[in-house]
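Participant: whatever this is, show me its structure:
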Amino acid sequence: MCDRCSDSLHHESRHQDTAPSRRSAMLFGAAAFGMAFAGGAFANGALAKETKQPPKPQNVLSPDASLKRLMEGNARYVAGVSRRHDFKHEREALAGGQNPFAAVLSCADSRIAPEYAFDTGRGDLFVCRVAGNFAGVETIASMEYAVAVLNAPLILVLGHDACGAVDATLKAIKDDKPPPGHIPSLVDAIAPAAKAAMQQGGDVLNNAIRQNVIDNIAKLKTAAPILNAAVEQGKLKVVGGIYRLTTGTVDLIAQG
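Facilitator: Down below sits the predicted model:
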């Protein structure tokens with residue numbers, strides 16, 4: 001075999017030996033990054049807090065102060081004296097991060113807009129919206145992120161009167177006929193509150209709307225391991241309210 005052929009074979013053999021090693025190193029690096037994130041981002045069962053200066057220092061509040069600020073904003077909204085928000089500079093301040101002072105689980109109803117109802121600016125509220133304002137797995141995970149990573153000290157479960165999702169659930173139970181498409185997934189989530197209201201009598205729809213809020217407060221407060229720990233440590237408060245369509249007023253129905 002000539003020297004050139006020998007050198008060529010030696011080069012190919014060396015390339016074949018190193019290529020898998022490079023791939024292995026890349027895979028090992030990716031795995032190590034994932035393990036580092038899992039270990040570093042979660043501390044004592046909760047996500048680690050960022051140490052950098054928050055983009056909106058005025059949003060660093062206690063749970064009680066956060067609730068007070070929410071309700072003061074709602075009072076301005078109801079009175080028609082909402083503040084003028086400087087969205088331009090808020091965009092600039094929030095480009096590198098966020099620290100909302102409250103998280104809101106609201107119905108997806110187009111008439112309900114938490115940012116307007118509480119007279120807040122960009123980066124003030126972390127909002128999850130779903131028809132029937134119930135806490136499914138994805139919503140609980142989102143709230144965990146808001147509390148553990150973004151340091152939100154308050155969660156508000158916000159129902160509203162004349163809720164179509166709750167009304168549809170009551171109708172499906174009464175008629176014993178599931179609605180079409182994927183809507184039964186909403187019915188299943190709201191059904192416990194609807195059935196409880198049907199047993200209470202009175203204004204069944206309003207009672208079901210209220211009970212649905214109360215049930216989801218309990219679900220969020222006891223969601224382990226992150227939200228329940230934050231509640232027990234006094235770092236988080238989970239409350240409920242009902243938005244009144246005719247006035248815009250939010251009536252708190254469960255605190256603490």
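Participant: how about the helices in this structure?
Facilitator: Per DSSP state H, the chain carries helices over the ranges 3-41, 63-79, 87-94, 114-117, 137-148, 164-175, 184-200, 204-221, 227-232.
Participant: which stretch in those helices has the least confidence?
Facilitator: Across the helices of the chain, helix 3-41 has the smallest mean pLDDT, namely a mean of 41.
Participant: buried ones in stretch 100-110?
Facilitator: Neighbour counts over stretch 100-110 (16 or more other CB atoms under 10 Å) mark 100, 101, 102, 103, 104, 105, 106, 107, 109 as buried. (C-beta placed from N, C-alpha, C; glycine too.)
Participant: can you lay out these as JSON lines showing pLDDT and distance to residue 86?
Facilitator: Shown next, in JSON lines, are the buried residues of stretch 100-110 (pLDDT from 0 to 100; distance: CB to CB, whole Å):
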{"residue": "100", "pLDDT": "98", "distance to residue 86": "17"}
{"residue": "101", "pLDDT": "98", "distance to residue 86": "17"}
{"residue": "102", "pLDDT": "98", "distance to residue 86": "20"}
{"residue": "103", "pLDDT": "98", "distance to residue 86": "23"}
{"residue": "104", "pLDDT": "98", "distance to residue 86": "22"}
{"residue": "105", "pLDDT": "98", "distance to residue 86": "27"}
{"residue": "106", "pLDDT": "98", "distance to residue 86": "24"}
{"residue": "107", "pLDDT": "98", "distance to residue 86": "29"}
{"residue": "109", "pLDDT": "97", "distance to residue 86": "29"}
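Participant: list the buried ones in stretch 192-203?
Facilitator: 193, 194, 197.
Participant: redo the helices of the chain as JSON lines? Include distance to residue 130.
Facilitator: Putting these into JSON lines (distance: least, CB to CB, whole Å) gives the following:
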{"stretch": "helix 3-41", "distance to residue 130": "26"}
{"stretch": "helix 63-79", "distance to residue 130": "20"}
{"stretch": "helix 87-94", "distance to residue 130": "24"}
{"stretch": "helix 114-117", "distance to residue 130": "13"}
{"stretch": "helix 137-148", "distance to residue 130": "7"}
{"stretch": "helix 164-175", "distance to residue 130": "9"}
{"stretch": "helix 184-200", "distance to residue 130": "8"}
{"stretch": "helix 204-221", "distance to residue 130": "10"}
{"stretch": "helix 227-232", "distance to residue 130": "17"}
